[in-house]
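# Below are the sequence and a predicted model; questions follow.
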Amino acid sequence: MDKDRDIYLVRHLPTEMNISGGFMGREFDPPIVDQEIEGFQEKITALMPSMSLDSVSFYSSPALRCRQTSEILQKTLNIGDSYIKLVPDLVETDFGEATGLTVKQIREKFPEVHEAWINDMSRVAYPGGETYQQVQERAWNALQEIIRETKDDSSVFICSHVDVIKMTLFKAFEIPISQKKFFVIPNGGICTLVLQSNELKFKPYR
């Protein structure tokens, strides 16, 4: 049986496009903005007493914003320059022709597709994009591979994007994809899981 471990799913810190409301997708790769870094570091510092940092691994989406967030996380944890493994399947949702547009612009350009997407996100994609079912499949496969690779670690930090994190959690806890809009993970947000006896659970804080 694999060793129990904590798994931290971390959403990257905000970029200018997060603030403006554009769908970054995969075509845009902006850096993070500075104003949220200090608050993120304070949050990590507050969590450190509950963390097991004897043997730690770091994984990240290849996106610049995720790599930068992972580096700040490492520095705050005093881990040093540990290797951050980049995982292609942790990349942002492919929004196809909706990439770079705001919700208002998407409604105007793809009114029928947008309405269908709102009503059935698991199976409807914007032209040239992917469905959330597809996002979930690749995100879940990536997590399972990470779990296999980190069987000797005490903690695993995975920095990715909001949709990837949501779809992973929904798969783990059998939550319908239709509930996506009711589940909020802010930039710099952390979802903490514990893998016990090969079963994922939310980790409580005391």
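Sure, I can see it. Numbers count the residues shown, from 1 in each chain.
# element containing residue 94, please.
Taking DSSP states H and E as the definition, residue 94 sits outside all helices and strands.
# what's the answer for residue 157, then?
Going by DSSP H and E, residue 157 is part of strand 155-160.
# How many residues are close by residue 140?
Neighbour count of residue 140, defined by other Cβ atoms under 10 Å: 17. For every residue, glycine as well, the C-beta is placed using N, CA and C.
# I'd say residue 179 and residue 169 touch.
No: with contact defined as Cβ atoms under 8 Å, residue 179 does not reach residue 169; the gap is 10.3 Å.
# show me what contacts the closest residue to residue 54 other than its chain neighbours?
Among residues not flanking residue 54 along the chain, residue 154 sits closest, at 4.7 Å (Cβ to Cβ, 6 or more residues apart in numbering). Counting by Cβ atoms under 8 Å, 6 or more residues apart in numbering, residue 154 touches 3, 5, 6, 52, 53, 54, 55, 56.
# State the distance from residue 154 to residue 47.
When distance is defined by Cβ to Cβ, to the nearest Å, residue 154 is 14 Å away from residue 47.
# likewise residue 106?
For residue 106, the distance to residue 47 - Cβ to Cβ - is 36 Å.
# more crowded one of those two?
Between residue 106 and residue 47, residue 106 has the larger neighbour count (other Cβ under 10 Å), namely 18 against 15.
# would you list every one of the helices in this protein?
Remark: helices assigned in the chain by DSSP state H are 16-20, 37-47, 64-76, 103-109, 111-119, 132-149, 162-172.
# any idea how far the closest residue to residue 129 other than its chain neighbours is from residue 27?
Take residue 129 and drop its neighbours on the chain: the residue closest to it by Cβ to Cβ, 6+ apart is residue 96, 3.0 Å away. Remark: distance between residue 96 and residue 27 (Cβ to Cβ) = 10 Å.
# what ranges of the chain fall below the confidence cut-off?
1-2, 81, 204-206 (pLDDT under 70).
# re the thing from before, quick one: the contacts of residue 154 as a markdown table, columns for distance to residue 123 and neighbour count too.
Listed next are the contacts of residue 154 as a markdown table, based on distance: Cβ to Cβ, whole Å; neighbours: other Cβ atoms under 10 Å:
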| residue | distance to residue 123 | neighbour count |
| --- | --- | --- |
| 3 | 37 | 11 |
| 5 | 34 | 21 |
| 6 | 34 | 19 |
| 52 | 40 | 13 |
| 53 | 41 | 12 |
| 54 | 43 | 8 |
| 55 | 40 | 13 |
| 56 | 38 | 20 |
